[in-house]
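1. one predicted model, sequence on top.
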Amino acid sequence: MEAVGKIVTSLLLNLALLLPCLSAAVSSNHLSMSSGRRFADVERHCQSVLASAADLRADADRASVRLHQLSFTDGDWSQDAGQAPLLPFHGSRADAAAAGPELLEAVQLASFKVTDMDMAPSRGASTAFEVRGILSLTITHNCCCCSNAERRASPEFELSPGFARLHVLLQGVYTETRSGGESVLCMVGDAVLPVRSSNDSTDPWDWAKNHHGGESKFEPPVVADGNILLVLRYPKTSTLTTRAVRGEMTSTSATSDVAYFDNIRLVSQISFGYDSSYQYQPEDAVDGCSDDHPLFHDAGATELLNRGAASPCDMDMVDQFASGSQMMEVIPNWNCKGTDAFCTSVGPFETTSRATQDMAALTRSAIAVQGVQCKPTASIDGTPAARFTAVFRYVPPWEHQPTAARRTGLSGMTLSAEGVWNASTGRVCMVACLGGGEEAACHHRVTLSIRRMFSMTRRGINIGQITAMDGSHAPLLFQQRTPRVSYIYTKVEQARELLRRSEPTGLRDTFVAKSLLSYPNIAGFADDLVGLSVLADDLNLRFRCVEKQPFVPEWIDGSFLELQIFSVGDLVGRYSEEFQQQFQGRSNSLVEYTQRVQQLGRVHAAVQKQQMLNVSAELTASRNNFLSPSPVMSLEGVYNPEDGRMYLIGCRKVHAPWRVLMRRRDDLEEGMDCSIEMTVEYPPTTTRWLISRTAKVSVASTRDEDDPLYFNETELRTLPVVYREQRCDFLTEPMVEGLLCATMLSAAIAATVCQLRHIKSHADVAPYVSLVMLGVQALGYSLTLVTDAKMLPAWPTPRHKSYYYPDHPGWNMDSSVKALTLVALLLTARLAHKVWRSRAKARARSPLVPGRVPGDGAVLLCCLAVHLGGLSFVLAGHQLSTNGMSRVIYDEAQRMCARVAVVGRYAGVVKEWFLIAQVIGNALWRVNCKPLAARYYAGLTAVWLLPHVYGYLRPPVASSYYSEARDDVMDFYSKVSAVVVPVVGFVLALVVYVQQRWNYKIVGWAMKTDQKNKLQHVY
């Protein structure tokens, strides 16, 4: 054994001495990786990459920087045409491309994240660093954030209707080419791949479409695969033509293998943020920009850009775009001269799936401006200048805009651009390259400008134009609708003519109404600017979820309309006391602030001179797949604060083929139909509970009935209007309701105490008090305590509010209400206990005639029958009312929620009709006494009448969001119950009074003479 030990020790020592020599003898082109089970595969598959790799310097401090630079999110991926697709895609919108232009089209997104990177080789120089990462491939319609690659322990495959995602875990090497032009990632990966169908079907994913991916127990057939190779190439220097990350993912399996797939190609923009590695071209490379379009003729913009910004990179346009992707709407080019196809083309962009040779599709498109960077510089003469770079992405109407705004891929739908800010014109001229930036595709120009003057048909702030140097396409115009500073009224005279034609009718035009009613105005404000700003807020309107309106474009379904006020008088936008601080806090706004103050200084004089106020507004419609509401109509007119009426002239875009629009060019104003009149009647600011809180809006076309653009007069219904001075009601309402509950509970406690004294002085009537009646009250008190519900009857409220008043932190109203509820519950329980003991004593005195002692069994059954019948009647009425009202209730889940709401409200009715049990008991027991004290049943009835009186007097509840309160059927139910419930409660109290006074005689008259001896008597 000793000899064996010496031999083993000698071998270990020799091996320890030999290892450093072996390590030193390894060529620098081979990896000395000590961890990971896949690095033999990496050396084999990445041999060509390693052979051309340069030596790398270890720099552990830059590991985090490289992690960011090598990662990208929401790039594009595509697959070569073949017989082995990688991912299935199906669901409710799987065939969107073939179903029509109104359905969203699926996009393929790729995200890659480097999770680990070892930049400290253990010995000497190295040509490669060890890296690990994860690749996420996604197909989706409208999931803008679901392609992010997050760290995970194992590969995954996810499939659901309208969504598919594959996660590939990767490990490999980072290298740099000897020429220094590229950084390369070569990695092998593991994934769980879906298995294609092996039958003779032409669709390899028929199993996915048959199961629809929505079954919770369905497990898609998958196979584990480790034969995946990914190669990503990054340019070391970012320029106009080298700003793309390109990659290829291939399968190293045999083509006959079930896990084999056709090649996947990846492309994305380089991630900026940690350094400014972008290199601009010489300034003389940018020329040929065109700004002869009338949209660019705005001297105010030039003056502001020349004088207002301390640095060109501090301009508003840069501030807006640098914060993230911004959407700019495509607008028609009415100066275009050519064929329909030429004038309705989408500029240089290459659309692959659906035709866009249609003006309606063109005007529904958008341009996403991404990755804006600005570098201050100076021109030859020393004037301030700046270099700009950005990516312009075309977003067709069938693509989800929030998703498109996050995409970073480069393709025929993108323009990579860079240029110079020209101090003499105040515009940015940029040279642009289509797609990934090949020099052969860099024959496009982009002009950007900021406009400061706005009008009825020109509502854009940032104006852009894309042109071709060779004239291969018509100029493509786009703008961003963000009004600022100044507005030019062009339709005021037309609106005043509409006012003169309108004959004053109705209550608001009488002398008494004019004396008592007031409407939104600027009175009461020391500063006219603040008054105009508040008035603009008060004039905003939101409309109920309405059915299709004739003036709303067909492609907007289920719209939620909103009337937004842009300007009132000379005030554009809003004004507050923080206005000056906000402007003075920004380095680029001193001149803008000065100009705006000078402009607003004319407001006071203008307000005093004219009773009518000029207004401009916009009617918008919300749609789920848009970042912001879509403009439907531009409006301009006058508002009369004396009678609360507003008269507006509207202009809407005309969505028609180009040849039709060109024939009607003289009939339209810059492609807009301005033959629209709108009148608005606002509710008064006083007598809020006597007059409806909704505004009356009428929209009509002044065209002839045989005109294709004509539409019938339409009445719109708004949500209840709450003016700013009335919004304090939302703060005081919890306090008022809390005091009301405390008052009700105090009165109920006093009434219960009176009843206890009554049965104490009249012990013989105690058995005739209904225990069911007391049980209903006790159950109501208990549910209030257990479920934290309100004591008040159910009425529409925008949200649950506790009875806590923030201005009185020492007084918690909720605690007071709960304490009073507990006292009322204990007193009710005490009263029930006395009634139960009195019945027990009565049975003991008459053991042979148990029927003479009142019992609540029959009373309980009758009460249940009455309430079940009432609930069934209400539910049946609710069901009949909701039939055909798809605009209010859309699916079975919402129908069920509505039924639950009805049942909940009826439960509140049971509490208020607590006397039903006593009425039934008095009739069954044929009482000839007064079981209930008048102060008890009359007092409790008055207690439940009190909240209904408050409900009539309280200001109406208004919510700008869809809720149960906005359901017409529930509103109707609330209004009916507000009348029926208190009336029935009063009738029940009256019946109890009649029964306790004449019940014995009434029953005696109704019965035969031989049965009169069966009448029960008191003890």
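-> That came through, no problem. Just so it is clear, the model here is predicted, and its values are computed rather than measured. Residues are numbered from 1 along each chain as shown.
2. now the helices: where do they sit in the stretch 901-1019 of the chain?
-> For the stretch 901-1019 of the chain, the helices defined by DSSP state H, counting those that start in this stretch occupy 916-925, 934-953, 968-1006.
3. swap that for the stretch 151-300 of the chain, please
-> 206-211, 299-307.
4. what's the least confident stretch among those?
-> Among these, helix 299-307 carries the lowest mean pLDDT, at a mean of 43.
5. thinking again about what came up before, out of the helices of the stretch 901-1019 of the chain, flag the one nearest Ile649.
-> Nearest of the helices of the stretch 901-1019 of the chain to Ile649, taken as Cβ to Cβ: helix 968-1006 at 31.5 Å. Backbone N, C-alpha and C define where each C-beta goes, glycine included.
6. mean confidence for the closest one?
-> 74.
7. for the stretch 701-850 of the chain, which segments count as strands?
-> Ranges of strands in the stretch 701-850 of the chain, per DSSP state E, counting those that start in this stretch, are 714-717.
8. low-confidence ranges, it, go.
-> The model of the stretch 701-850 of the chain has pLDDT under 70 over residues 727-734, 788-812, 847-850.
9. can you tell me which residues contact Phe566?
-> Taking Cβ atoms under 8 Å, 6 or more residues apart in numbering, we find Phe566 in contact with Phe454, Pro483, Tyr487, Val572, Gly573, Ser616, Ala617, Glu618.
10. measure it to Val188 for me?
-> Here the criterion is Cβ to Cβ, to the nearest Å. By it, Phe566 lies 58 Å from Val188.
11. in a helix, Cys399, correct?
-> Slight slip there: residue 399 is Glu, not Cys. No. Secondary structure of Glu399 (DSSP: H, G, I helix; E, B strand; the rest coil): coil, not part of a helix.
12. ok, it - contacts?
-> By Cβ under 8 Å, 6+ apart, the contact list for Glu399 reads Leu104, Glu105, Val107.
13. and the closest residue to the first one other than its chain neighbours, its phi and psi?
-> Read it as Leu104. Closest residue to Leu104 apart from its sequence neighbours, by Cβ to Cβ, 6 or more residues apart in numbering: His141 at 4.6 Å. Main-chain torsions, His141, degrees, to the nearest 10: phi -90, psi -50.
14. His90 is in contact with His141, correct?
-> No. Between His141 and His90 there is no contact under Cβ atoms under 8 Å: 11.4 Å.
15. on that earlier part again, which of the contacts of Phe566 sits closest to Ser977?
-> Ala617 (37.8 Å).
16. correct me if wrong, but the closest one is in a strand.
-> Yes. Assessed by three-state DSSP, Ala617 belongs to a strand.
17. got a list of what it touches?
-> Contact analysis of Ala617 by Cβ under 8 Å, 6+ apart lists Leu539, Leu563, Gln564, Ile565, Phe566, Ser634, Leu635, Glu636, Leu648.
18. and the two most separated of those residues?
-> Once Cβ to Cβ is applied, the contacts of Ala617 give Leu539 and Ser634 as the farthest pair, at 15.7 Å.
19. out of those two, which sits in the busier spot?
-> Ser634 (27 against 23; other Cβ atoms under 10 Å).
20. my guess is the more buried one is in a strand, correct?
-> Yes. Checked against three-state DSSP, Ser634 lies within a strand.
21. from Asn614, how far off is it?
-> Going from Ser634 to Asn614 by Cβ to Cβ gives 14 Å.
22. count the neighbours of the residue nearest to Leu104 for me.
-> His141: 23 neighbours (other Cβ under 10 Å).
23. thanks a lot, catch you later.
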